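J.: Return atomic coordinates for the entry below.
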Amino acid sequence: MKSVVALQHIQTRLFLHAVFPTLDCMIKASPKAQALLKDNKFSLCFRTRSGLHARYFFSDKGCEYTSGDSRTMIELFFLSDAHAAKTFLEEGGPPPIPTRGFGTLGKMKTFIALTKELESWLKPEEAKLADEDFRAVFAPMSLALAMRGVCQLCVSERKSREWLASGPQGVAVFQIGENGKQLWIQLVSNQLESGSGQPPKPADVRIIFKNSQVAAEAVLERLDSMAAVGRGDIKIVGMAPLADHLNALMERLQGFIDPPK
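T.: Model (predicted):
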């Protein structure tokens, strides 16, 4: 059984490098988020004592994320990964320690409002899901988050690395519609990365959702995948075992970023 310390390290990694980068897609699609950032650019760095860190540059055009070294307006330090994980999961505890940008900490109210708006996109009400335009953003945004999360999980957690090594590896591509935008993940032990657009190598498996409704239901785990494949609502072209392998890793991810209360 993994230790609590290891669990909190993984959770912090996932928030920094998988969940918060999703703010970019949300801001580009959300008038509310754009209004929060109108004439309100700012940059923010989170850092933990263990060395985990990430930086985010906000404007009404989106959020640029980097794990590299660059100067930000606000820098916040967590005393441990546990401190960070509890903060991100809203489990209480002291706030992080500001080490830069004392005079601009009011910007954190904007960041918190942005994360609340992100949550409303990632956990939508039924009325939102009935909107085709909303689903067209929600489904690929959620898939991209999951693929970034799988990459982080396979880097930072032993059991996930073992799962990855025990099954088929290669490049998987997701599409909504035959000509939809491509989202890809390179699921190879020493080459874990994900992105959108043209994958770095030809796809070993391609998962094609009939439309945004099917994709949204699949993301929300409201769909019997086998039945959907049988109906033709989901097409799997290529190495089907790789798609199954990736799906198992995505299911494992959910327990880290949205643990039961």
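J.: residue contacts, the residue lying closest to Gly167 once chain neighbours are set aside?
T.: For Gly167, ignoring the flanking residues on the chain, the nearest one in space by Cβ to Cβ, 6 or more residues apart in numbering is His245 at 3.9 Å. Placement of C-beta: from N, CA and C, glycine included. Each residue near His245 by Cβ atoms under 8 Å, 6 or more residues apart in numbering is listed here: Trp163, Leu164, Gly167, Pro168, Leu187.
J.: Surely His245 is within a helix?
T.: Yes. Under DSSP: H, G, I helix; E, B strand; the rest coil, His245 falls within a helix.
J.: so what's Leu253 up against?
T.: Leu253 touches Leu14, Ala146, Gly149, Val150, Leu153, counting by Cβ under 8 Å, 6+ apart.
J.: cool, Gln198 as well?
T.: Applying Cβ under 8 Å, 6+ apart, the residues contacting Gln198 are Gln182.
J.: measure it to Phe46 for me?
T.: From Gln198 over to Phe46 the distance is 31 Å, taken as Cβ to Cβ, to the nearest Å.
J.: just to revisit the earlier point, most neighbours of all the contacts of His245, which one?
T.: Leu187 (26 neighbours; other Cβ atoms under 10 Å).
J.: pLDDT score assigned to that residue?
T.: pLDDT for Leu187: 94.
J.: give me phi/psi at the nearest residue to it once chain neighbours are set aside?
T.: In this structure, Leu187 finds its nearest non-sequential neighbour in Gln169, 5.5 Å apart by Cβ to Cβ, 6+ apart. In terms of degrees, to the nearest 10, the main-chain angles of Gln169 are phi -130, psi 160.
J.: That concludes my questions; thank you for your assistance.
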